[in-house]
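In: How does the following fold in three dimensions:
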Amino acid sequence: MSFGYDLFRSLSFPDADIGYVTNGYILLKTANGGDDWVIQSPESSDGYFYSVCFVNTDTGYAVGFSGPLSYGAIIKTTNGGGFTVGMKGLYPASGMLTIFPNPASDRILVETGEASVPGVLSILNSNGQELMKETINKKSTQIDISALPGGVYIIRLTGIRSVQVGKVVKE
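Out: Numbers count the residues shown, from 1 in each chain. Below is the predicted model:
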C-alpha cells in the first residue's frame, strides 16, 4: 500500500478483518485484514486527525483539529466508515486534557481545564469498555493504573459542559 505517506498515526481493528488507520490527512479502511485499503471521505476533510478508534465494526471516531484556527474536531461514523455524523470546530474549554507521564507504569497525573471540574474521569480500553471510573473535583488528579495490563487506554473526562479525551500508554 502506498499513498505517498510513510507514517501512520493511529490504527484501530474492531475485528480480525475490518480495520482503520490515519496518517493525519487521510483515513483508510480495510475489510480483508489489511491486504487492501480504501480511502474514506469524512465530512471534516479540512483537518488533521491524530487518532482513530472503533468500538465495533460500525461505530468509530476520529479526533484531531479542523480549520485555520486549529479548533478540536471529532467525527463519528455509525455505518462502518461513512462518517455521516460529524462535529467540527469544537472550541477548547479553559484548557486541554494533559496526561503525564506518558507512557506510564503505575501512576498518571491528569490535568484538565477548569470548565471540566467537577467531572467524571473514565479509563477505557481499545474496545470502549470502561475499566475505571472516578469522580474528580480538582483540576489535577493522580490516578493509580498499576492494576491495568500493558496497552493503550483512552482517558475520558466528562464535565458539566465538555468532554475531553486523551490517550495513555501503560507499560
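
In: So this structure: which segments form each domain?
Out: The chain breaks down by automatic domain parsing into domains covering 10-90, 98-170.

In: Return the most buried member of those.
Out: Stretch with highest mean neighbour count among those: domain 10-90 (a mean of 17; mean count of other CB atoms under 10 Å). For every residue, glycine as well, the C-beta is placed using N, CA and C.

In: Lowest mean pLDDT across the domains of the chain, which one is that?
Out: For the domains of the chain, mean pLDDT drops lowest on domain 10-90, to a mean of 73.

In: ok, for the residue nearest the centre of the chain, nearest residue in space, not its chain neighbours?
Out: By CA atoms, centre = their mean, the chain has its centre lying nearest to S51, at 5.1 Å. The shortest distance from S51 to any non-neighbouring residue, by CB to CB, 6 or more residues apart in numbering, is to S10 (4.3 Å).

In: That neighbour and T135, how far apart?
Out: From S10 across to T135, the span is 29 Å (CB to CB, to the nearest Å).

In: what does T77 give?
Out: Counting by CB to CB, the gap between T77 and T135 amounts to 31 Å.

In: Okay, now the sheet partners of the host helix or strand of I39, with direction.
Out: Applying DSSP states H and E as the criterion places I39 in strand 38-40. In the sheet, strand 38-40 lines up against strand 27-30 (antiparallel) (DSSP bridges).

In: how far out from the middle of the chain is the partner strand?
Out: Remark: strand 27-30 is offset 16 Å from the chain centroid, using CA atoms, centre = their mean, to the nearest Å.

In: before we move on, back to that, next one: the strand holding I39 to chain centre, how far?
Out: The answer for strand 38-40 is 19 Å, by CA atoms, centre = their mean.

In: ok, now stretch 125-135?
Out: For stretch 125-135 - counting by CA atoms, centre = their mean - the centre lies 13 Å from the chain centre.
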